[in-house]
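Chemist: Take a look and give me a structure for this.
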Amino acid sequence: MLLELKNISKSYGPKKVLKNINLSIEEGKIVGLLGPNGSGKSTMIKLINDLLVPDSGEILIKGEKPGMASKKIIAYLPERTYLNQNWTVRETLSFFQDFYDNFDREKAKKLLKKLGIKETDALKTMSKGTKEKVQLILVMSRNADLYILDEPIGGVDPAARDYILDTILTNFKDGASILISTHLISDVERILDDVVFLSDGTIREHQSADQLRQKYDASIDQIFREEFKC
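Modeler: The predicted model follows:
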């Protein structure tokens, strides 16, 4: 199994954010992690990436606990840009090449060229959406086993979303899996194999996208809106 969460709980003070979570993700799957604000999605992602430690339970990535070894096989796209704004694209490529053994610089350069982004461009001169495209390209140019994408299309205009999703679809390693957390369900549901609905720190549903559509006779977006309506 690529990723396993076993009886994972996490609290911030008195607030229980994740409650006894059990989740397994196989190789070769694109999984949507869907839930309203405050459902625990970001906390779960940070736990998998070893940015937080669970109060109880165990996380295994290819049978190993999160740590230096897992950072080499997980490519993580956080919701907020973390790149040095004073760097050029070329300097950013060099940083990734130095930092990650599995970074394919030539693949990144080809994807940047398709978008008309020059290596001499400075990040601080770019729009928020362009920065997010650069960051996504950097992440998808790693030959990782698990790609974790937190709101990968949140900052780009609707016209660019299909391009971004196609970039994701066509640029991850064979046999790898992708975990996507997003609010823009109608945009991403066409690429999802499996769906995890997270609500109030618990998993409400975890099924294949097709099974969910058949069960509710509705799209994933419609199911989400009905299940989590105010």
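Chemist: Number of residues surrounding residue 26?
Modeler: When neighbours are counted by other Cβ atoms under 10 Å, residue 26 registers 12. Quick note: C-beta positions are derived from backbone N, CA and C, even for glycine.
Chemist: how much space between it and residue 83?
Modeler: 31 Å (Cβ to Cβ, to the nearest Å).
Chemist: ditto for residue 134
Modeler: According to Cβ to Cβ, residue 134 stands 7 Å off from residue 83.
Chemist: Can you give me the buried ones in the helix or strand hosting residue 149?
Modeler: Using DSSP states H and E, residue 149 sits within strand 146-150. The neighbour-count check on strand 146-150 (16 or more other Cβ atoms under 10 Å) flags 146, 147, 148, 149, 150 as buried.
Chemist: now stretch 53-68
Modeler: Neighbour-count burial for stretch 53-68, counted by 16+ other Cβ under 10 Å, picks out 54, 57, 59, 60, 61, 66.
Chemist: mind listing what residue 17 touches?
Modeler: Taking Cβ atoms under 8 Å, 6 or more residues apart in numbering, we find residue 17 in contact with 10, 11, 40, 43, 201.
Chemist: Output the residue ranges of the strands in the chain, listed in chain order.
Modeler: Here the chain has its strands, by DSSP state E, at 3-12, 15-25, 30-34, 56-61, 74-77, 146-150, 177-181, 194-199, 202-208.
Chemist: how much space between the most centrally placed residue in the chain and residue 32?
Modeler: Geometric centre of the chain, nearest residue: residue 149, 1.6 Å, by Cα atoms, centre = their mean. For residue 149, the distance to residue 32 equals 10 Å [Cβ to Cβ].
Chemist: Find the residues that touch each one of the two.
Modeler: Counting by Cβ under 8 Å, 6+ apart, the shared contacts of residue 149 and residue 32 are 180, 181, 182.
Chemist: For the protein, which segments count as helices?
Modeler: 41-48, 68-73, 89-99, 105-114, 128-140, 158-170, 185-188, 209-216, 220-227 (DSSP state H).
Chemist: So what touches the fifth one?
Modeler: Translated: helix 128-140. With Cβ under 8 Å, 6+ apart, helix 128-140 has contacts from 75-77, 81-83, 89, 92-93, 96, 103, 108, 111-112, 115, 117, 123, 126, 147, 149, 152, 154-157, 160, 164, 167-168, 171-172.
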